[in-house]
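[1] Got a sequence here, can you model it:
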Amino acid sequence: MDDDLEDPSKSFIIFGRDVAKIPCFRNSFLYGISGGIGIGLLTFLGTSRTHLSTHVGFGSFFCGTIAYWMACRYQWSARRFEQQQLREAMRRQAMYEGTEKERELDLKSA
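    Purely as a prediction, here's the structure:
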């Protein structure tokens with residue numbers, strides 16, 4: 001089997017984009033859904049008002065999904081930035097290896 005061929009049962013396309021490839025999408029929705037259901041049920045058990053508990057459940061789903069999405073994407077972006085910096089440093093190290101410039105940089109860092 002080719003690695004390039006994807007399993008079509010695992011892809012989910014919205015607006016022409018496979019959401020399975022979007023970082024943080026799956027976890028954000030899973031935490032949002034579980035939080036919304038949990039808080040909605042607790043609200044219903046506490047008040048016995050179905051209308052209020054559905055509103056509270058949906059609101060907590062929405063807020064939980066957005067909050068987790070923002071936190072996860074911030075961490076993802078920070079990690080990606082650090083990886084790019086490390087990649088650039090490794091490229092420069094390989095380029096300067098064995099030259100006078102490497103010795104200068106070693107002396108400066110020591």
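[2] Can you report how many residues lie near residue 106?
    Residues near residue 106, counting by other Cβ atoms under 10 Å, number 10. No exception for glycine: its C-beta is placed from N, CA and C like everyone else's.
[3] and the gap between it and residue 91?
    Using Cβ to Cβ, to the nearest Å, residue 106 is found at 17 Å from residue 91.
[4] Ok, residue 41 next?
    Noted for residue 41: a distance of 53 Å to residue 91, by Cβ to Cβ.
[5] ditto for residue 30
    To residue 91, residue 30 is 37 Å away according to Cβ to Cβ.
[6] again with residue 74
    Applying Cβ to Cβ, the value for residue 74 to residue 91 is 26 Å.
[7] longest helix anywhere in the protein?
    helix 50-96 (DSSP state H).
[8] mean confidence for that helix?
    In this model, helix 50-96 has an average pLDDT of 93.
[9] Please state the offset of it from the chain centre?
    Between the centre of helix 50-96 and the centre of its chain there are 4 Å (Cα atoms, centre = their mean, to the nearest Å).
[10] One more: stretch 85-98?
    With Cα atoms, centre = their mean, you get 28 Å for stretch 85-98.
[11] Give me the contacts around it.
    Residues outside stretch 85-98 that contact it (Cβ atoms under 8 Å, 6 or more residues apart in numbering): 102, 105.
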